[in-house]
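Chemist: Structural data only, the sequence is not supplied:
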């Protein structure tokens, strides 16, 4: 069984996309993040045997929000308190305990992430211990395992450009054979937002399929305001 976890936050102004908010404002940053999340969730509804929205916070308004967003296609999994590494480790442990054979986790900061990379990640886990998708900011947009390797998320300086390097070092420390996906980008800063605008325009000009309607609509509103 393949299990996909999407790590998401309730789009509350001032609590999401704080670096982006410094340039575009908290309300606009939250609206953009809500659009990113909706596009990602909608695009991956048919991926994997089991799909989970790994949400925070865990209060009832947040649960109601994500139940509506995921509908019948996703289960809800509440992120526990603690650093990101502990939350990731708990997610992988719970997914394997529930019978998954291959588990992949992604964030919600890459609205244009292609679905073929998720498929490729699961396929690579048939013969590899781990899979990782490098992000252009020095972190990663995807990580997966074919069995639980607890130390993978130890000794990581989260939100720093050393995350990818440190994670690879952790994989090597437990002799976990990693598969490598192509790099992709997160949208965390105003420069990343300009990259997103340009990428969407380039895909349209090239006649490529684009499935980020909420993000595009939000970008148009941002331009008009």
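Modeler: Looks like it came in fine. Note that this is a predicted model, so its numbers are computed, not measured.

Chemist: which stretches of the protein have low pLDDT?
Modeler: For the chain, the stretches flagged by pLDDT under 70 are 225.

Chemist: What is the burial count for the closest residue in space to residue 216 that isn't next to it in sequence?
Modeler: Closest residue in space to residue 216, ignoring its immediate chain neighbours: residue 200 at 6.3 Å, by C-beta to C-beta, 6 or more residues apart in numbering. In this view, the C-beta of every residue, glycine as well, is placed from N, C-alpha and C. Residues contacting residue 200 under the criterion other C-beta atoms under 10 Å number 18.

Chemist: And the residue nearest the centre of the protein?
Modeler: A centroid search over the chain (C-alpha atoms, centre = their mean) returns residue 107, at 1.3 Å, as the residue closest to the centre.

Chemist: Nearest residue to that residue in space, please, no chain neighbours.
Modeler: residue 7 (5.2 Å).

Chemist: My guess is residue 32 contacts residue 21. True?
Modeler: No - using C-beta atoms under 8 Å, residue 32 is not in contact with residue 21, being 9.4 Å away.

Chemist: circling back: how much space between the residue nearest to residue 107 and residue 121?
Modeler: When C-beta to C-beta, to the nearest Å is the yardstick, residue 7 and residue 121 sit 15 Å from each other.

Chemist: Residue 132: what secondary structure?
Modeler: Residue 132 falls in the strand class when you classify it by DSSP: H, G, I helix; E, B strand; the rest coil.

Chemist: What's the local residue count around it?
Modeler: Residue 132 is flanked by 23 other residues according to other C-beta under 10 Å.

Chemist: For it, which residues are in contact?
Modeler: 140, 142, 143, 144, 164, 167, 168, 171, 178, 179, 180, 181 (C-beta atoms under 8 Å, 6 or more residues apart in numbering).

Chemist: can you pull out the helices in this structure?
Modeler: With DSSP state H as the criterion, the chain has helices at 18-24, 26-43, 60-70, 84-97, 115-124, 163-173, 190-205, 213-224.

Chemist: Those: which one's closest to residue 51?
Modeler: Minimum separation from residue 51 across the helices of the chain (C-beta to C-beta) falls at helix 60-70, 7.7 Å.

Chemist: now residue 185, nearest residue through space, not along the chain?
Modeler: Spatial nearest neighbour of residue 185, chain neighbours left out: residue 136 (4.6 Å); criterion: C-beta to C-beta, 6+ apart.

Chemist: number of nearby residues for the one you found?
Modeler: Residue 136: 12 surrounding residues under other C-beta under 10 Å.

Chemist: before we move on, the earlier item: is it correct that the residue nearest to residue 107 is in contact with residue 90?
Modeler: No - look at residue 7 against residue 90 with C-beta under 8 Å: they stay out of range, at 11.7 Å.

Chemist: So for the two, which sits in the more crowded spot?
Modeler: Legend: neighbour count by other C-beta under 10 Å for residue 7 and residue 90, higher for residue 7 (20 against 16).
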